[in-house]
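Engineer: build me a model from this:
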Amino acid sequence: MSDAALSRRASPRFMLVSAAVMIFFHAVVWGIAAHKAARPWSGLLNNWDSSWYTSIITEGYGLNSWAFYPLYPGCVAALRALPGLSGIPVPVLGTALSSLLFAAFCLFAARCAARGGDGASILPETRLGWLVLMLSPASYVFHSHHTESLFLLLSFLAFHFCALRKWLPAAMFAGLCALTKNQGIFVAVAAGLWGWAETKGFARRSAVFAFMGVTALLLFSLYPALQYVQEGNPFAFYTSQHHWRPAMDGSSYLKAFWFGNEWQNMNSGSIQRYIAFLALAGSVLLVRARHGWPLAAYTALFVAVMPMSGEFVGTFRYGAVLFPSLFAVGDRTAKMPRWVSWLLLGVLLYLNHRMARHYILNRWSY
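Structural biologist: Down below sits the predicted model:
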């Protein structure tokens, strides 16, 4: 690939081939790491949060697992109920489903690129923009037993239909996002703001905004209803957070920025994630310049909640689905001196390899 190639527009073929190469690269990394770990694949694919999804699928929700939203484990459970699939280990089945969902995202994005028009407006302008998504440090989550590929597909569809001014499907997909991850509510907010911005007249704007908000809220309300039925508490997803960070207080959010919380450290991994967080925060301005304030608001809200745990240890994983930011960072870098583009790719490739390997070896990979 020549230096100028990174600044060219990503063709559908380039998008699909690069996604396939990324998965093949991870397969090689996982194969080597699995040989070293000497564990069955059902265990290797069940590390970290994957084990929580497996527990929810096989045993149902418990007191601390309500923090994990229901759409992804529900989809895996439904797939597992099909004839002939019940005997497949849940982590393997979840990995297969996530891989299919990621393939669906790539195929749909490539189709949008081929057709052009408003539907392609949320795609990157350059090959580097697409590669930043493919090689973001934790992109292995898109084909492993995690919820990110589902969220990536749903959020892309929500904003795609916003770009086409088709508010009903946009609201439906935004509501499904809210059943997938807690950041899904920000997709619904941004979709509503997009409807407001694209509609003329205060009364019509208000009607579109309210319609989209109510539609998304009705879908999301299924989760509190489930919690009320099972636990007698519609906010169990919030109260369960005390299990994850019991020492949190009102100042923990601010202390995170100078590593002032007792559970934080300043090792190389922490510094890397902090830099990634700052890059995502800075991308809000890039998203605003290209897409306008609704998508910028989504990016800002998404990034703003990252330090809510009083640290940045999950930045790589949580940022993997923030495609407006990743596209914007890649596109902006492609306009800089060519060595900067290659430096960015080199750093991403190093971190991407490291995180994919860590996941299989059960080392911290988020």
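Engineer: how far is stretch 155-173 from where the chain is centred?
Structural biologist: For stretch 155-173, the gap between its own C-alpha mean and the chain's C-alpha mean amounts to 17 Å (Cα atoms, centre = their mean, to the nearest Å).
Engineer: end to end, how far does that stretch reach?
Structural biologist: Using Cα to Cα, to the nearest Å, the span of stretch 155-173 from its first residue to its last is 7 Å.
Engineer: who's in contact with it?
Structural biologist: The set of residues that contact stretch 155-173 without belonging to it, under Cβ atoms under 8 Å, 6 or more residues apart in numbering, is 105, 108-109, 112, 118-119, 121-122, 154, 174, 177, 184, 187-188, 190-191, 194-195, 198, 208, 211-212, 215-216, 219, 294-295, 321, 323-324. To be clear about C-beta, it is placed using only N, CA and C from the backbone, and glycine gets the same treatment.
Engineer: how about a cut-off of 6 Å?
Structural biologist: Under the criterion Cβ atoms under 6 Å, 6 or more residues apart in numbering, residues 118-119, 121-122, 154, 174, 177, 187, 191, 194-195, 198, 208, 212, 215-216 lie in contact with stretch 155-173.
Engineer: buried residues of it, list them for me.
Structural biologist: Taking 16 or more other Cβ atoms under 10 Å as the basis for neighbour counts, the residues of stretch 155-173 that come out buried are 155-163, 167, 170-173.
Engineer: do the same with stretch 85-99
Structural biologist: For stretch 85-99, burial by neighbour count (16+ other Cβ under 10 Å) applies to P89, V90, P91, V92, L93, G94, T95, A96, L97, S98.
Engineer: please apply the same query to stretch 278-287.
Structural biologist: Across stretch 278-287, burial judged by 16+ other Cβ under 10 Å covers L280, S283, V284, L286, V287.
Engineer: in helices, which of those fall?
Structural biologist: Filtering the buried residues of stretch 278-287 for membership in helices, criterion DSSP state H, returns L280, S283, V284, L286, V287.
Engineer: okay, the residues you listed in JSON lines with distance to I57 and pLDDT next?
Structural biologist: Conversion of these to JSON lines gives the following (distance: Cβ to Cβ, whole Å; pLDDT from 0 to 100):
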{"residue": "L280", "distance to I57": "31", "pLDDT": "98"}
{"residue": "S283", "distance to I57": "34", "pLDDT": "97"}
{"residue": "V284", "distance to I57": "36", "pLDDT": "98"}
{"residue": "L286", "distance to I57": "38", "pLDDT": "97"}
{"residue": "V287", "distance to I57": "35", "pLDDT": "97"}
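Engineer: could you dump these into JSON lines and include distance to S270?
Structural biologist: Conversion of those to JSON lines gives the following (distance: Cβ to Cβ, whole Å):
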{"residue": "L280", "distance to S270": "16"}
{"residue": "S283", "distance to S270": "20"}
{"residue": "V284", "distance to S270": "22"}
{"residue": "L286", "distance to S270": "25"}
{"residue": "V287", "distance to S270": "26"}
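Engineer: for A356, state which of these is nearest.
Structural biologist: When these are ranked by distance to A356 (Cβ to Cβ), L280 comes first, at 20.2 Å.
Engineer: give me every residue that touches that closest one.
Structural biologist: If you count contacts by Cβ under 6 Å, 6+ apart, L280 has them with V303, G319, S325.
Engineer: ramachandran angles for the second one?
Structural biologist: Backbone torsions of G319, given as degrees, to the nearest 10, read phi -80, psi -10.
Engineer: and it, how far from G213?
Structural biologist: As defined by Cβ to Cβ, to the nearest Å, G319 lies at a distance of 26 Å from G213.
Engineer: neighbour-wise, which of these two wins?
Structural biologist: Taking other Cβ atoms under 10 Å, G319 and G213 do not tie; G319 has more neighbours (23 against 19).
Engineer: pLDDT score for the more buried one?
Structural biologist: G319 is assigned a pLDDT of 97 by the prediction.
Engineer: okay, now the unreliable bits of the chain?
Structural biologist: Residue ranges of the chain with pLDDT under 70: 1-3, 243-247.
Engineer: separation between the spatially most central residue of it and L154?
Structural biologist: Taking Cα atoms, centre = their mean, the centroid of the chain lies closest to V321, which sits 2.5 Å from it. For V321, the distance to L154 under the criterion Cβ to Cβ works out to 10 Å.
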